[in-house]
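1. Any chance you could fold what I've pasted below:
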Amino acid sequence: MKKRSLLMGVIVFGIIASIALVSQTKKKEVAGKMAFPQHTVYQEGTIKPDNLSQEEMDAAVAKFYGTWKNEYLKQPANKSDEYYIFYNDKGYAEPKNAVTVSEAHGYGMMITAIMAGSQDKQYFDGLYRFYKAHGSDNAPSLMAWQQVKDKSGKIINTTGDADSATDGDMDIAYSLLLAHRQWGSEGEIDYLASAEDILDAIMSNEINRSQSLVKLGDWAEDKDDAYGQSTRSSDLLLNHFKTFEAATGNDEWKGVTDKAYAIIHSIYEEESGNTGLMPDFIVRSNGEYQPAQADFLEGENDGNYSWNSSRTPWRYTLDYLLTGDERALPQLKKINDWIKAETDGTPENIQSGYTLSGKAVGIVQASLLHSW
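-> Numbers count the residues shown, from 1 in each chain. You can find the predicted model right below:
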């Protein structure tokens, strides 16, 4: 099923990767309680604000987390033990009665597992139950992409669109590994077993295993020359893949990691050497990966830097910060140098989208490059 473009009502802040699950020894065992603040040490040269103390930054994150929970963490009217992340506060989503999507849900599960305060296990478990109650029609261990509120007020999967979006499922899987590390898996919910279950479903339904290619969702058939041979740049969750390999011992994830890096490098070398920008969608044609044409799946900017690929500076950078893998570092340095020059160093000048050559596109003046 083709997916609509999203304008998320959820703000994802920079603490998402502050627990590194991939160790140098790749041990499957994880231990320890690492509630916020973790103060993870990143690669040498990583910068952070220098006009505030660490205590002030911690307090700002904690305050924002409280605001985020009050604004977006909701419960279904008829399910007191479930939570979901409300994403349609601005009314941009279609249909108008949409309340959440699996991408927002995955963000929420990661955030609550990272913060791990006194009530966050309750929130995480409620988010888990909501995910399990809204499985994809194609593979119940995956989450249906979108949920809506029906006339009775009950939250159900969107009719005719109850299949999956790959990045949402991968974030849910990663969050379960975080939860296992924070709280262990001996309680009511076996987080580790649940992570292994969804990872099996992801590998079976959302990865083109013959090509080690991340697909768009469980609706994309491997044999489909269009959608079965394409990917979304923002679904190349490099550090997730390494974490999944370490957790499961399945070396197919290494192939997925290597393929993702090869695709990123190919697009950068052939299409965006002057900017480092990635397109929303990437297709395979004559054995080569290239930006999708307009209206491939979601709209006229499918081959440009837009709603989806605006997440790539966050997603790709995390693997370098956490593991030191430098395969995408030239592209990341290029996009950083380019956007600073393009905007005269003023983030407010960032436009809502760009062609891969750097021309601004779109009419919404939202700052996407630094919004994730």
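
2. hey, where'd the strands end up in the protein?
-> According to DSSP state E, the chain carries its strands in the segments 73-74, 84-85, 98-101, 146-149, 155-157, 207-208, 213-214, 231-232, 281-285, 288-291.

3. just checking, Glu271 touches Tyr289?
-> No: under the criterion of CB atoms under 8 Å, Glu271 makes no contact with Tyr289, lying 9.5 Å away. Heads up, the C-betas are built off the backbone N, CA and C, glycines and all.

4. before we move on, the earlier item: let me have the strands of the chain in CSV, adding mean neighbour count and distance to Thr248 as columns.
-> As requested, the strands of the chain are arranged in CSV below (neighbours: other CB atoms under 10 Å; distance: least, CB to CB, whole Å):
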stretch, mean neighbour count, distance to Thr248
strand 73-74, 17, 30
strand 84-85, 27, 26
strand 98-101, 24, 26
strand 146-149, 23, 28
strand 155-157, 19, 28
strand 207-208, 21, 13
strand 213-214, 24, 16
strand 231-232, 26, 21
strand 281-285, 21, 26
strand 288-291, 18, 26
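
5. now those strands in CSV, with distance to Gln38?
-> Listed next are these as CSV, based on distance: least, CB to CB, whole Å:
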stretch, distance to Gln38
strand 73-74, 21
strand 84-85, 22
strand 98-101, 27
strand 146-149, 31
strand 155-157, 33
strand 207-208, 30
strand 213-214, 28
strand 231-232, 29
strand 281-285, 33
strand 288-291, 36
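
6. Generate CSV for those, with distance to Ile172 and mean pLDDT as supplementary columns.
-> Output for these, formatted as CSV (distance: least, CB to CB, whole Å; pLDDT from 0 to 100):
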stretch, distance to Ile172, mean pLDDT
strand 73-74, 16, 98
strand 84-85, 12, 98
strand 98-101, 12, 98
strand 146-149, 14, 98
strand 155-157, 15, 98
strand 207-208, 16, 98
strand 213-214, 15, 98
strand 231-232, 17, 98
strand 281-285, 22, 96
strand 288-291, 27, 97
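
7. Now for Leu176: which residues touch it?
-> Met109, Tyr128, Tyr191, Leu192, Ser194, Ala195, Ile198 (CB atoms under 8 Å, 6 or more residues apart in numbering).

8. Mind doing that once more with 10 Å?
-> Applying CB atoms under 10 Å, 6 or more residues apart in numbering, we find Leu176 in contact with 109-110, 113, 124, 128, 131, 185, 189-199, 247.

9. can you check Lys132 too?
-> Contacts of Lys132 (CB under 10 Å, 6+ apart): Glu82, Pro140, Ser141, Met143, Ile189, Ser194, Ile198.

10. now do Phe281
-> 216, 227, 230-235, 291-293, 296-298, 301-304, 306, 308-309.

11. Now, of those, which are buried?
-> Buried subset of these (neighbour count, 16 or more other CB atoms under 10 Å): 216, 227, 230-235, 291-292, 296-298, 301-304, 306, 308-309.

12. Low-confidence regions, the stretch 201-350 of the chain specifically.
-> Within the stretch 201-350 of the chain, not a single segment meets pLDDT under 70.

13. and the residue nearest in space to the middle of the chain, how far is that from Met278?
-> Centroid check for the chain by CA atoms, centre = their mean gives Asp167 as the closest residue, at 5.0 Å. Noted for Asp167: a distance of 14 Å to Met278, by CB to CB, to the nearest Å.

14. Mutual contacts of those two, please.
-> Arg232, Ser234, Leu236, Asn308, Arg311, Arg315.

15. Which residues are in contact with the last one?
-> Same thing as Arg315. 16-17, 167, 233-240, 278, 309, 328, 372.

16. Which ones among those residues lie within helices?
-> Asp167, Leu238, Asn239, His240 (DSSP state H).

17. I'd say the second one and Ala328 touch.
-> So that's Leu238. Yes: Leu238 lies in contact with Ala328 (CB atoms under 10 Å); the separation is 7.2 Å.

18. Could you tell me which residues touch both of these two?
-> Ala260, Tyr261, Ile264, Arg315, Tyr316, Thr317, Asp319, Tyr320.

19. What is the burial count for the fifth one?
-> One way to gauge burial is a neighbour count; for Tyr316, by other CB atoms under 10 Å, it gives 27.

20. Spatially, and excluding backbone neighbours, which residue is closest to it.
-> Ala328 (4.9 Å; CB to CB, 6 or more residues apart in numbering).

21. now the first one
-> Nearest residue to Ala260, sequence neighbours excluded (CB to CB, 6+ apart): Leu236, at 4.1 Å.

22. now do the third one
-> Taking CB to CB, 6+ apart, and ignoring the residues beside it in sequence, Ile264 has Ala328 as its nearest neighbour in space, at 5.4 Å.
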